[in-house]
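# quick check, what structure comes out for this input:
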Amino acid sequence: MFLPIHLISISFLFKYVLSEDILLPSFIMNNQSFSTSSSSSSFYLCHLHQLKNSKDFFLQGYNIINGENTGNVHHLLLYECSIKDNLIYSGLCGMYNAHFMPSSVYHHCQTRIIIAWAQGGQLNYNYPTDTGLKMNTYTQLLLEVHFESSIPYNHSIGIHLRFYPLDKKPKYEIGILTLGTLVHSSLFLPPRLNTIRFPTYCFNDCLKYFLKNQFVINIFSILVHAHRRATRIILENNNFNRLIDQNPFKYHQQENIYFKKPYPQINSTNELTLICYYSTRYDYSQAIYGGYNSNDEMCQAFLYYYPKIESFPLCLSLPVYKNKHLLNNKQKWTNKLSLSIKYELESNINHLSLCGDNIYINNSNQTIFHKKFYQRSMQNIPQYSYTYVHFSSFFYVIIIFLLISTIYCYLLAKKHLHSFSNGGTLSNSTN
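Numbering: from 1, shown residues only. Presented below is the predicted three-dimensional model:
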């Protein structure tokens, strides 16, 4: 059985500095049957890790362990469990493997994301000065790693946590807020489209509820996340002030965006809109659903901020479509049908707001989410242009340009030669 590695080093000031490694155990890393038995092109492995801290710790930063071997790691998440039970689990996880997991782990350890890393991201991360991520005593953490197609054999994958000295407490506690939509949501992308827009919201009522008494949070870093068909991701507030615009979005280079002081701020008057753009031009016969696999799609953003707001790890929305019967692959797709359904989806104004903490109550299916139905006016959804030229079209444009240039040069040369044959010069001088 995997044993956690605890390292204690001494700094130059002779103060104890704690660090801790959280790794997927070797017995599941070396079990290649996970990749061969998986019914999809990707799969999830999880390991539950128990911190042994008898006092509160504050995380100063972290490193991705063996970052050079993360080529087939799609993403890595670290969750804080919401209960103190001494839980034990290492193995397959994710929604499609929930039946493998103890119900208490599935219900209480997959909501509060405290570290998010995606393919191509930075391998070393330091929080701003005077800030730290609080780890309560005897906290249990769930490490989730999403692999694509296979596990790197005989390589450790995980996170190296670096804590402040025990006698130092940072001025501000860090929080992480997840925006977007639920992974297994009604996100639906018809095939054969150059672009389709999918907006999600952190509605003002949610921010009013959690940011009371003129409370203001400072955003110092953001990680946006989607899959292969995403082309652009925008995050902005209700005044159309754009916090980020990743254009183009690069699937294999999902890096944290860092802000400089003064940091962007959010208060109770704001509303946040996360817009994901996708292209399905290379999908011809199958629509794309929202989901966990790399061939599905996601639309999420992780906001790193301070000071922390308690019980507010999620601020999501779900589109509520009128004609759900259209969202299926049991039809013969044509360009006309895809455009028709695209219009139907992008014209949707109905959304369900979900914010708060997705903690299950007494092992039931009930959570303490704040839920509310909204009708979002299309006038409040900004339109952004998206230009795409297919390679074959671009090729023909170049050919036509070269042909016109050749004809022009031929006619120009013929004119000068005619002038020269009549006693002139190539420069038309008459001396």
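# immediately after the host helix or strand of Leu207, which helix or strand?
Assigning secondary structure by DSSP states H and E places Leu207 in helix 204-210. Where DSSP H and E defines the elements, the next helix or strand beyond helix 204-210 is strand 217-225.
# coming back round to it: and the helix holding Leu207, what does it pack onto?
Using 3 or more CB pairs under 8 Å, 6 or more residues apart in numbering; DSSP states H and E as the contact test, the elements touching helix 204-210 are strand 350-356, strand 370-375. (C-beta placed from N, C-alpha, C; glycine too.)
# show residues contacting that helix.
Residues from elsewhere that reach helix 204-210, judged by CB atoms under 8 Å, 6 or more residues apart in numbering: 238, 266-272, 309, 311-312, 315, 353, 355-356, 370, 372.
# put the buried members of those residues into a PyMOL selection.
Selecting only the buried entries of the contacts of helix 204-210 in PyMOL, with 16 or more other CB atoms under 10 Å as the criterion:
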select buried, resi 266+268+270+271+272+309+312+315+353+355+356+370
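# okay, and which of the contacts of helix 204-210 map to strands?
Those of the contacts of helix 204-210 mapping onto strands are 266, 272, 315, 353, 355-356, 370, 372, per DSSP state E.
# return the member of these nearest to His75.
The nearest member of the ones in strands among the contacts of helix 204-210 to His75, counting by CB to CB, is Cys315 at 19.9 Å.
# who's the closest one bridged to?
Beta-bridge pairing of Cys315 under DSSP bridges involves Leu179, Cys355.
# right, and it touches Ile217 too?
No - between Cys315 and Ile217 there is no contact under CB atoms under 8 Å: 11.7 Å.
# starting at the chain centroid, how far to stretch 123-137?
Offset of stretch 123-137 from its chain centre (CA atoms, centre = their mean, to the nearest Å): 20 Å.
# correction: the previous question concerned stretch 164-171.
Using CA atoms, centre = their mean, the offset of stretch 164-171 from its chain centre is 30 Å.
# one step back: okay, the helices and strands packed on helix 204-210 in a markdown table with mean pLDDT next?
A markdown table is the format used below for these (pLDDT from 0 to 100):
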| stretch | mean pLDDT |
| --- | --- |
| strand 350-356 | 93 |
| strand 370-375 | 89 |
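# how about the helices in the stretch 101-250 of the chain?
Per DSSP state H, counting those that start in this stretch, the stretch 101-250 of the chain carries helices over the ranges 103-108, 204-210.
# could you dump the ones in strands among the contacts of helix 204-210 into a markdown table with distance to Thr137 added?
Compiled in a markdown table, those are given as follows (distance: CB to CB, whole Å):
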| residue | distance to Thr137 |
| --- | --- |
| Ile266 | 30 |
| Leu272 | 33 |
| Cys315 | 28 |
| Ser353 | 34 |
| Cys355 | 28 |
| Gly356 | 24 |
| His370 | 28 |
| Lys372 | 35 |
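# report the two of the residues you listed separated the most.
That would be Ile266 and Lys372, which, of these, are the farthest apart (CB to CB) at 19.1 Å.
# grab the most central residue of this protein for me.
His225 (1.5 Å; CA atoms, centre = their mean).
# wait, isn't that residue in contact with Glu297?
No - contact criterion CB under 8 Å: His225 and Glu297 do not qualify, at 10.6 Å.
# where does this protein dip in pLDDT?
Applying pLDDT under 70 to the chain flags the ranges 1-17, 31-41, 69, 149-155, 359-368, 377-402, 408-431.
# grab the nearest non-local neighbour of the residue nearest to the centre of the chain.
The shortest distance from His225 to any residue other than its chain neighbours is 4.7 Å, reached at Gln300 (CB to CB, 6 or more residues apart in numbering).
# just say helix, strand or coil for Ser340.
Following DSSP: H, G, I helix; E, B strand; the rest coil, we place Ser340 in the helix state.
# what is the burial count for it?
Ser340: 13 surrounding residues under other CB atoms under 10 Å.
# same check on the one 10 residues further on?
Using other CB under 10 Å, Asn350 has 13 other residues around it.
# so it bridges to which residues?
On the basis of DSSP bridges, Asn350 is bridged to Gln375.
# would you confirm that it contacts Asn323?
No - using CB under 8 Å, Asn350 makes no contact with Asn323, being 11.5 Å away.
# picking up where we left off before, so the residue nearest to His225 bridges to which residues?
With DSSP bridges as the rule, Gln300 is bridged to Gly180, His225.
# going forward can the numbers begin at 22, since that is how I track them
Fine by me, first position is 22 from now on; the one you just mentioned is Gln321.
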